[in-house]
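K.L.:
How does the following fold in three dimensions:
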Amino acid sequence: MGLNIFVLGLDELNHRALRALPGAEEYTFHQVLTFDELQGGTVSVSELLTEAQKRLDAFPGSIDAIVGYWDFPVTAMVPILCQRYGLPSANLSGIVTVEHKYWSRLEQQKVIDEHPGFGLIDLNDPHATLPGHMSYPAWIKPIKSTSSEGAYRVENDEQLREALAEEREVVNRLGGGFNEVMEMIDLPPQIAEIGGSACMVEEEATGQMLTVEGFSYNGQVEVYGIIDSHTYEGTSSFLRYQYPSQLPDHAQQRITDVSRRVIEAVGLHHSTFNIEYFWDPETEQLNLLEINSRHSQSHAQLFYLVDGRPNHACMVDLALGRRPAMPAQNGQFRTASTWFLRHFKDGYIHRAPTEEEVAALEKKYPGTTIQIDKEAGRWLSGDPAEDSYSFVLAEIFTAGQSEEEMIETYNKVVEELPFEIEDK
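P.N.:
Residues are numbered from 1 along each chain as shown. Okay, the predicted model is just below:
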């Protein structure tokens, strides 16, 4: 008999990646709740847990693992459900420490200096300004959010106060559910007083963006990959993730060392993680932007193309109580990227690529996978978890034996994707 692995928010793109795992013929992957059920509207963790458990209890076979690769509430729901079913998982206290952005910063600063200035800010203060030790430009963000939701760049007090008005509208979409989870663990008094619906500010960090992928197992923190992030020129919106990193070896070693220290400091155990950084190649200044208590599903195909094994393998191994074996380094390509095809104005989608057109492009360009995020007959706006400045039309994975070949493939694919959008 095979093993039944239940995935919160299982979607087709990642189902394909999971089926590419070594030994996947021994696994059957089952969806527990859809992405829209998990991420849509104001999140109630208690209601989602009740529905998830109802569906799990209705399954007639064995429940061998429960996993997830999306942001909160999935990151918190997985350990809660695993505890109920007696399964291996990350520790909930470590998850909450990582995902409470302010608490995470307090723990980080105990062991590293590679982080920007930060502080709390009163959402309801009509005369709000930056804390005295900080300077503009800065970013204002909820202490609990997903992707770049609710993050605004500000250059002065006027912009800060305008952004606070926006924050008051979005801070409770996830904050209320996060408060539910915080009540399940013992909190330091300072963190309990702040709660999960607060807001914070951080000084802007600059440089090249990158992400570390790793895992914690039996008290050991391992880093198995560093991915470079590229943004659209003049924006903070991601253009592509590229693996493997092009940074010099000494920079990668320093980043690995910092990553190990902060994961130990926040107390995250038996879990995958990814950490986002800024690296300035001229000054060699490193700034930790954010820790996530999960691996990045956006990187799964990259690891498969280059290493022959998607990073989902780490998630599944840990869920089954095994030490992950990454990276494998036996993929078909030397480099690969996840691209985010974006539109920078709201507009009406008159036409989007069909499944047949997508399949034809994937067949035409080896190593290419296309996930269409917006269908025809709707406005671009309206989806949760978008950044504040653009709309993702599609995620496109391309690979090559060189960076030039990989980029050339992407440009050809974009030219042939038949979107028709009328700007608002």
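K.L.:
so which strand or helix has Tyr277?
P.N.:
strand 271-280 (DSSP states H and E).
K.L.:
for that strand, which positions count as buried?
P.N.:
271-279 (16 or more other C-beta atoms under 10 Å). In short, each C-beta sits where N, CA and C put it, glycine included.
K.L.:
And stretch 315-330, by the same measure?
P.N.:
Buried, per 16+ other C-beta under 10 Å, within stretch 315-330: 315-319, 324, 326-327.
K.L.:
Can you give me the end-to-end span of it?
P.N.:
19 Å (C-alpha to C-alpha, to the nearest Å).
K.L.:
How about residues contacting it?
P.N.:
3, 5, 18, 21-22, 27, 64-67, 69, 82, 87-90, 215, 217-218, 222, 224-225, 270-272, 294-295, 303, 306-309, 311, 313-314 (C-beta atoms under 8 Å, 6 or more residues apart in numbering).
K.L.:
Tell me the buried residues within those.
P.N.:
Buried among those (16+ other C-beta under 10 Å): 3, 5, 18, 21, 27, 64-67, 69, 82, 87, 89-90, 215, 217, 222, 224-225, 270-272, 294-295, 303, 306-309, 311, 313-314.
K.L.:
Now, the residues you listed that are in helices?
P.N.:
18, 82, 303, 306-307, 313-314 (DSSP state H).
K.L.:
Please render the residues you listed as TSV that adds distance to Leu393 and pLDDT to the earlier fields.
P.N.:
Output for those, formatted as TSV (distance: C-beta to C-beta, whole Å; pLDDT from 0 to 100):
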residue	distance to Leu393	pLDDT
Leu18	25	95
Cys82	36	98
Phe303	24	95
Val306	25	95
Asp307	28	93
Ala313	29	96
Cys314	29	96
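K.L.:
These: which two are farthest apart?
P.N.:
Cys82 and Val306 (30.3 Å; C-beta to C-beta).
K.L.:
Tell me the one of the buried residues of stretch 315-330 nearest Phe178?
P.N.:
Closest to Phe178, out of all of the buried residues of stretch 315-330 and judged by C-beta to C-beta, is Met315, at 21.9 Å.
K.L.:
Please report the confidence value the model assigns to the closest one.
P.N.:
You'll see Met315 listed with a pLDDT of 97.
K.L.:
if we look at the lengthiest strand in the chain, which residues are touching it?
P.N.:
Taking DSSP state E as the criterion, the chain has its longest strand at strand 220-231. Here strand 220-231 makes contact (C-beta under 8 Å, 6+ apart) with 208-216, 237-247, 252, 255-256, 259-260, 263-264, 276, 296, 299, 302-303, 307, 311, 314, 324, 326-327.
K.L.:
Neighbouring strands of whichever helix or strand comes after that strand in the sheet, and parallel or not?
P.N.:
Sequence order places strand 238-243 as the next helix or strand after strand 220-231, per DSSP H and E. Partners of strand 238-243 in the sheet, by DSSP bridges, are strand 220-231 (antiparallel), strand 335-343 (antiparallel).
K.L.:
Adding mean pLDDT and distance to Lys364, write those out as a markdown table.
P.N.:
Formatted as a markdown table, the strands paired with strand 238-243 follow (pLDDT from 0 to 100; distance: least, C-beta to C-beta, whole Å):
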| stretch | mean pLDDT | distance to Lys364 |
| --- | --- | --- |
| strand 220-231 | 96 | 24 |
| strand 335-343 | 96 | 16 |
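K.L.:
could you dump those strands to a markdown table with distance to Glu356?
P.N.:
Output for the strands paired with strand 238-243, formatted as a markdown table (distance: least, C-beta to C-beta, whole Å):
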| stretch | distance to Glu356 |
| --- | --- |
| strand 220-231 | 31 |
| strand 335-343 | 19 |
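K.L.:
any idea which of those strands is most buried?
P.N.:
With neighbours taken as mean count of other C-beta atoms under 10 Å, the strands paired with strand 238-243 reach their highest mean count in strand 335-343, at a mean of 22.
K.L.:
After that strand, heading C-terminal, what element do we hit next?
P.N.:
By DSSP H and E, the next helix or strand past strand 335-343 is strand 347-351.
K.L.:
what's the offset of that next one from the middle of its chain?
P.N.:
Relative to its chain's centre, strand 347-351 lies at 27 Å (C-alpha atoms, centre = their mean, to the nearest Å).
K.L.:
same thing with stretch 230-245?
P.N.:
For stretch 230-245, the distance to the chain centre is 14 Å (C-alpha atoms, centre = their mean).
K.L.:
i'd like the first residue to be 34 from this point on
P.N.:
All set: I'll call the first residue 34, so the last point we hit is now stretch 263-278.
K.L.:
from the buried residues of stretch 348-363, which is closest to Lys87?
P.N.:
Of the buried residues of stretch 348-363, the one sitting nearest to Lys87 (C-beta to C-beta) turns out to be Ala352, at 20.9 Å.
K.L.:
where along the stretch 334-457 of the chain do the strands fall?
P.N.:
Under the criterion DSSP state E, counting those that start in this stretch, strands of the stretch 334-457 of the chain are mapped to 368-376, 380-384, 402-405, 411-412, 424-433, 453-456.
K.L.:
hey, which helix is longest across this structure?
P.N.:
Max-length helix for the chain by DSSP H is helix 190-215.
K.L.:
Please name every helix or strand in contact with that one.
P.N.:
helix 78-90, helix 107-118, helix 125-132, strand 171-175, strand 185-187, strand 232-236 (3 or more C-beta pairs under 8 Å, 6 or more residues apart in numbering; DSSP states H and E).
K.L.:
Reformat the ones you listed as JSON lines; add distance to Leu139.
P.N.:
Formatted as JSON lines, these follow (distance: least, C-beta to C-beta, whole Å):
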{"stretch": "helix 78-90", "distance to Leu139": "23"}
{"stretch": "helix 107-118", "distance to Leu139": "19"}
{"stretch": "helix 125-132", "distance to Leu139": "9"}
{"stretch": "strand 171-175", "distance to Leu139": "16"}
{"stretch": "strand 185-187", "distance to Leu139": "22"}
{"stretch": "strand 232-236", "distance to Leu139": "11"}
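K.L.:
Out of those, the one nearest Pro221 is which?
P.N.:
With C-beta to C-beta, the closest approach to Pro221 among the helices and strands packed on helix 190-215 belongs to helix 125-132: 9.7 Å.
K.L.:
Give me the pLDDT value at Pro417.
P.N.:
Reported pLDDT for Pro417: 67.
K.L.:
swap in the one 3 residues further on?
P.N.:
You'll see Asp420 listed with a pLDDT of 70.
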